[in-house]
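Participant: The sequence isn't on hand, but the structure is:
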């Protein structure tokens, strides 16, 4: 597949466009990761809450265990400690929920920040590059056969600027219909050049 034009000026423009597009993609990805990481940092508070709740629950469970060892009134004494341990469990659940929310938000915000520039690049740059590669590759293959060159000559008559076609022959359409080799060859070469393919060669951008 031919990815770049055989002609230096056009090839340079394509390379610059590719570098700019890939740079935007890299920056967008890095920015999305950075913003996502910053948002994920909000989960630190949730971790602190969960750790505090776990500590409170553990301490109250230990205290309840000691209180239960008191004869006769042990169960009554342990009750408030058990209740306080329940508060710790609630804090753990709340902290874990905050962490989950922070993670989900970080992913969503990171993707949103990264996907905006990526979509612009993909919509403006990628289709154009693919169109060029397909056209250049197909045109080069047509230029390798006599019948293909006739088709390229016809395409040039239809699509090329009239001023350019007029410079090929006095009546390029009549000459093409008559099968004049010089006119057909000149028109085919014109279409090859328009597609970024060097007449008579495979092109330096092929792969």
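Facilitator: Ah, there it is. All of these numbers come straight from a predicted model, not from anything done at the bench.

Participant: going forward, measure contacts between C-alpha atoms and count neighbours the same way
Facilitator: OK.

Participant: quick one, longest helix in the protein?
Facilitator: Counting by DSSP state H, the longest helix found in the chain is helix 74-124.

Participant: ok, then the element right after that one?
Facilitator: helix 126-142 (DSSP states H and E).

Participant: Just want the most central residue of this structure.
Facilitator: Centroid-nearest residue in the chain: residue 118, 4.8 Å away (criterion: CA atoms, centre = their mean).

Participant: contacting residues for that residue?
Facilitator: Contact analysis of residue 118 by CA atoms under 8 Å, 6 or more residues apart in numbering lists 24-25, 28.

Participant: so what pLDDT did it get?
Facilitator: Residue 118 is assigned 89 on the pLDDT scale.

Participant: Check the gap between it and residue 92 for me.
Facilitator: 39 Å (CA to CA, to the nearest Å).

Participant: Which residues in the worst-scoring helix or strand of the chain on mean pLDDT does the neighbour count mark as buried?
Facilitator: Every helix and strand of the chain was ranked by mean pLDDT, DSSP states H and E. The lowest is helix 43-68, at a mean of 79. Across helix 43-68, burial judged by 16 or more other CA atoms under 10 Å covers 43, 46-57, 59-61, 63-65, 67-68.

Participant: swap in stretch 134-141?
Facilitator: Buried-residue list, stretch 134-141, by 16+ other CA under 10 Å: 135-137, 139-140.

Participant: for stretch 111-125, same thing?
Facilitator: 111, 113-115, 117-118, 121.

Participant: swap in stretch 166-177?
Facilitator: Neighbour-count burial for stretch 166-177 flags 168-169, 172-173, 175-176 (criterion: 16+ other CA under 10 Å).

Participant: Walk me through the domains of the chain.
Facilitator: Here the domain parsing of the chain from automatic domain parsing is 8-124, 135-194.

Participant: now the helix or strand hosting residue 31 against helix 74-124, angle please.
Facilitator: Here residue 31, judged by DSSP H and E, is contained in helix 8-40. Going by axes from the mean of the first three to the mean of the last three CA atoms, to 10 degrees, helix 8-40 is angled at 170 degrees with respect to helix 74-124.

Participant: where's helix 8-40 relative to the chain centroid, distance-wise?
Facilitator: Helix 8-40 has its C-alpha centroid displaced from the chain centroid by 9 Å (CA atoms, centre = their mean, to the nearest Å).

Participant: any idea how far residue 7 is from the residue lying closest to residue 103 once chain neighbours are set aside?
Facilitator: Counting by CA to CA, 6 or more residues apart in numbering, residue 103 lies nearest to residue 40, which is 5.4 Å off, once chain neighbours are set aside. Distance, residue 40 to residue 7, by CA to CA: 49 Å.
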